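Visitor: build the 3D model from these lines:
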Amino acid sequence: MQALPALTLVAHRGVEGDRYHAHRGTWTGWPDAQVTLFDAEAADEIGVPVLELRRNIITRGVDLDALIGKRFALGDATLEGVRVCTACRYLERQLDRPDIVGALEGRSGLRARIVAGGRVRVGDTVAVIGPARG
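Guide: Next up is the predicted model:
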């Protein structure tokens, strides 16, 4: 995982250059495996570098749970919040941290669909557009 100044989100597909965009990710085929967002404050609280948590977009000061069932703009893209991206045993094995699932309970991130693709840059804000349509 690496921090980038910008990403290109491709509608109904994923993050350009990501393994899910290329249909090679562990959860490929799941309808909400297009993009994941994560709250950096949760990583800070448990003392894990946020990049190790393997999420696509890192936020600060955003209530990700409030985006479930909502359509929202992020940079030039439009997304729909689908469900919590729960930390799992797979992540614990990847990090060799058997405490991650418990430590992140209720704060594991957000799975979202990309409705309209576009560029997302560091510093872009999240703006709720309305209810999800799909």
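Visitor: which regions of the chain lie under the pLDDT threshold?
Guide: By pLDDT under 70, the low-scoring segments of the chain are 1, 17-33, 52-54, 86-92, 98, 100-108, 134.
Visitor: where along it do the helices fall?
Guide: Secondary structure of the chain, counting by DSSP state H: helices at 40-46, 89-95, 100-103.
Visitor: list the contacts for the nearest residue to Gly81 once chain neighbours are set aside?
Guide: Sequence neighbours aside, Leu67 is the residue nearest to Gly81 in space, at 3.6 Å (criterion: CB to CB, 6 or more residues apart in numbering). Bear in mind the C-beta positions are built from the backbone N, C-alpha and C, glycine included. Leu67 makes contacts with 37, 81, 110, 112, 126, 128, as judged by CB atoms under 8 Å, 6 or more residues apart in numbering.
Visitor: now for the residue positioned nearest the centre of the chain: which residues touch it?
Guide: In the chain, the centroid-proximal residue (CA atoms, centre = their mean) is Thr36; its distance is 1.6 Å. When the contact criterion is CB under 8 Å, 6+ apart, the partners of Thr36 are 55-57, 85, 109-112.
Visitor: and which of the residues you listed is nearest Ala11?
Guide: Top of the list for closeness to Ala11, among the contacts of Thr36 and by CB to CB, is Ala112 at 11.9 Å.
Visitor: let me know whether that closest one touches Arg55 as I believe.
Guide: No. Look at Ala112 against Arg55 with CB atoms under 8 Å: they stay out of range, at 10.8 Å.
Visitor: which of the two has more neighbours?
Guide: A direct count of neighbours by other CB atoms under 10 Å for Ala112 and Arg55 places Ala112 higher, at 29 against 23.
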